[in-house]
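Trainee: quick one, what's the 3D model for this:
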Amino acid sequence: MRIGELAATVGVTTRAVRHYHHLGLLPEPERRANGYRDYTLRHAVVLARIRRLTELGLGLAEVRDVLADDAGRELVEVLGELDEDLARQESAIRERRARLRVLREDARRGRLPAEGPVSPELTALFGKFGPVPPESPMAAKDREVFALLETTAPPEVRAELLAGLEAMMASPGAVERAHEAYALLDDLVDAGLDDPRVDEAARLLADLIPTELIPADLDLGLGTGTGTGTGTSTGTGTSGPDARGGGNSAFLRAFFADFAPAQAEAIRRTFRILTEDRR
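Mentor: Numbers count the residues shown, from 1 in each chain. All right, here's what the predicted structure looks like:
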């Protein structure tokens, strides 16, 4: 058989046959005097086995291991690993579908936040906080940062974040004070650093945010003393999207570049107050 006939017989492309030759998976036959390769039945048998193994999901490196073991012991081991991997994928797909069902139901009932899709836990937290004031850019930004942190933070940080926010929002009058903080920060967009409302906003935020949510090693010397800019997500104390405390200074600088100077100063003062209270 020539290469095209071999490929057609097994149901693969001639390009695949040449690729398997290149990788050493399929031995190259002797060439005839006319320069053409002459494939035998043995080549078709090996090529068919390569096809079956790849269709099972084995990578070509794994296929090489299987083909190198005539006794088949390697195949048993590789297939076992493949089965375990598929089981993990099935579990992950079930979890994703369960989350998708919740999100679809929330969307159907008009409960899916604009920043979604986010976790059901964060969706519920947004629901407790109430609708975002349409005139408040700071409130909208706050929820965007929440979604960012939930996406990028490690699982233990996400759990700590949500638990802290739940506790904060359970405080009497927390929702009203958070909305008041949003309004104050929005008003500071064109204010100077000496505006008395800067200190007013800082004290309002400090009264709202639990001290224990502030990381002990928060670096206020960066000039970017927080991970978000409002009365709620400032409560996370997150110094970057990938860690609690420590500090992703590049993230903080990029984050604070999006704030007006007076707004940023109000948040820095908030964290200084909370840091001093903990001492």
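
Trainee: how near is residue 137 to residue 183?
Mentor: Look at residue 137 and residue 183: by C-beta to C-beta, to the nearest Å, they are 11 Å apart. Heads up, the C-betas are built off the backbone N, CA and C, glycines and all.

Trainee: neighbour count winner among the two?
Mentor: residue 183 (17 against 13; other C-beta atoms under 10 Å).

Trainee: so which helix or strand takes in that one?
Mentor: Assigned by DSSP states H and E, residue 183 falls within helix 174-187.

Trainee: which parts of that helix are buried?
Mentor: Of the residues in helix 174-187, 174, 177, 178, 179, 180, 181, 182, 183, 184, 185, 186, 187 count as buried by neighbour count, 16 or more other C-beta atoms under 10 Å.

Trainee: same thing with stretch 264-279?
Mentor: Across stretch 264-279, burial judged by 16+ other C-beta under 10 Å covers 264, 265, 266, 267, 268, 269, 270, 271, 273, 274, 275.

Trainee: assign the last one to helix, strand or coil.
Mentor: With DSSP: H, G, I helix; E, B strand; the rest coil as the basis, residue 275 sits in helix.

Trainee: quick check: residue 160 vs residue 212, distance?
Mentor: Residue 160 sits at a distance of 10 Å from residue 212 (criterion: C-beta to C-beta).

Trainee: actually residue 177, sorry about that
Mentor: Distance, residue 177 to residue 212, using C-beta to C-beta: 18 Å.

Trainee: where in the stretch 101-250 of the chain is pLDDT low?
Mentor: 103, 106-107, 109-117, 130-134, 213-250 (pLDDT under 70).

Trainee: one more time with 90, if that's ok
Mentor: Along the stretch 101-250 of the chain, segments meeting pLDDT under 90 span 101-179, 206-250.

Trainee: could you report the neighbour count for residue 19?
Mentor: Using other C-beta under 10 Å, residue 19 is surrounded by 14 other residues.

Trainee: host element of it?
Mentor: Taking DSSP H and E as the definition, one finds residue 19 inside helix 14-23.
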